[in-house]
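**Q** From the sequence below, what's the structure:
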Amino acid sequence: MSAALPPTGDADHAGGDSHDGPPGSEDQARAARALREAFARLAPQGSDAWNFLAAFTHLGDRYGPYHPGASALSDTVGTEERAGARRPGRLDRLRPGKDRAVRGPEGEKTEFEEAMGQVVEAFRFLSARVATLEARLAAEDRPVEGAAWLVPARELGGLVAPVCAHVLARTPGGDVVHADCGEGGLLQALTGAGVAAHGVEPRGALALSAIERGSSVTIGEASEYLAGRAPDSLGGMVLNGVVDRLPLHALLPLLALSRRALAHDAPLVIVSETEAVTGAREPAALDLVDGRPLHAATWELLLGRAGFVEVAPLAGVGLGDGRFALVAATPS
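**A** Residues are numbered from 1 along each chain as shown. Got it, this is the predicted structure:
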């Protein structure tokens, strides 16, 4: 942040001890460095919020409805008029008549001052609204940090074969991502079929188990991993586990990131629990993880709104194990 010092002239030192003269360039540079250090140390000076409040304070002091006396701008306009230095402009209709004082008869505010008062009040309400929105965003519902560790891992099991077959039949080529990949059963099946598969798993113990079996796995959240992928760089994606423990407002960005990362005509598979399975969780997982699974019809709606096509149940998969599987694809 740069610090600008006010100009120093004779008027600034009138009536004071000015025998030393104005400060030299070296003194000004030293003062500027001190100001910069103070601004960096006294946070949040220099932030957007601090700058807004400072500008608002100056605006209110000069033109606000609670400032006694004429505004500085009105004083300037009156001075220029008395000096005969002002030319007519587009704001003349807001100025008091020639036969009125700057403040109007009996201290009445001019039309200009009333207008500026309304502007200040508008900024006051805007500041309050922004503060309210920021407070709501800070308190927005979000998963507890690390809560994924509390969700018992559920491997795809019997779903590995049909999911793998669907991905192999539809992938246009490129990496296939599975999140949450668990111990990597699907990754091994895809790799064994000659597909470059990569897993994403937030639980370290499971991720390390998959890595020890030879799978390529990133320890983290699917949204973080997808945000770092180039557009149209994936040949397919399978999402399970993560889709059951994230709240709805986190699932929508996850679908958008998936749509961005998948190549044209690449397959997407969603494997989700039925709502009844939620009751099988441990008490801590039920309390701390916002993981109420969505219905299949809701997923169909969300996938369509996210730009996916050919949304349908995965062929050959029933609801015998308490899960359902939907397939979709990016437009060709």
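**Q** Check which helices and strands the helix or strand where residue 189 lies sits against.
**A** Remark: residue 189 resides in helix 185-192, with elements defined by DSSP states H and E. Packed against helix 185-192 by the contact rule (3 or more C-beta pairs under 8 Å, 6 or more residues apart in numbering; DSSP states H and E) you find helix 160-170, strand 175-179, strand 197-201. All C-beta atoms are positioned from the backbone trio N, CA, C, and that covers glycine.
**Q** I'd like the ones you listed written out as TSV, with mean neighbour count and mean pLDDT added.
**A** Below are the helices and strands packed on helix 185-192 laid out as TSV (neighbours: other C-beta atoms under 10 Å; pLDDT from 0 to 100):
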stretch	mean neighbour count	mean pLDDT
helix 160-170	18	95
strand 175-179	26	96
strand 197-201	26	95
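**Q** tell me the contacts of the nearest residue to residue 189 once chain neighbours are set aside?
**A** If you skip the residues right next to it in sequence, residue 189 has residue 164 as its closest partner in space, 4.4 Å away by C-beta to C-beta, 6 or more residues apart in numbering. By C-beta atoms under 8 Å, 6 or more residues apart in numbering, the contact list for residue 164 reads 186, 189, 190, 193.
**Q** Spatially, which residue comes closest to the third one, not counting chain neighbours?
**A** This means residue 190. Distance criterion C-beta to C-beta, 6+ apart; nearest residue to residue 190, sequence neighbours excluded, is residue 197 at 3.8 Å.
**Q** where does this structure have its least confident helix or strand?
**A** Comparing every helix and strand of the chain by mean pLDDT, DSSP states H and E singles out helix 72-83 as the least confident one, with a mean of 52.
**Q** Can you identify the element that follows that helix toward the C-terminus?
**A** Toward the C-terminus from helix 72-83 - assigned by DSSP H and E - lies helix 111-138.
**Q** What average pLDDT does that next one get?
**A** Along helix 111-138, the predicted confidence averages to a pLDDT of 76.
**Q** Tell me which other helices or strands it touches.
**A** Secondary structure elements in contact with helix 111-138, counted by 3+ C-beta pairs under 8 Å, 6+ apart, are helix 48-63, helix 72-83.
**Q** okay, now the domains of the chain?
**A** Residue ranges for the domains of the chain, per automatic domain parsing: 44-138, 147-329.
**Q** in the stretch 201-332 of the chain, which spans are helices?
**A** Under the criterion DSSP state H, counting those that start in this stretch, helices of the stretch 201-332 of the chain are mapped to 204-212, 222-227, 242-245, 248-261, 283-288, 296-305.
**Q** Least reliable of those by average pLDDT, please.
**A** The weakest mean pLDDT among the helices of the stretch 201-332 of the chain belongs to helix 283-288, with a mean of 62.
**Q** In TSV, list the helices and strands packed on helix 185-192 along with distance to residue 25.
**A** Formatted as TSV, the helices and strands packed on helix 185-192 follow (distance: least, C-beta to C-beta, whole Å):
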stretch	distance to residue 25
helix 160-170	69
strand 175-179	59
strand 197-201	57
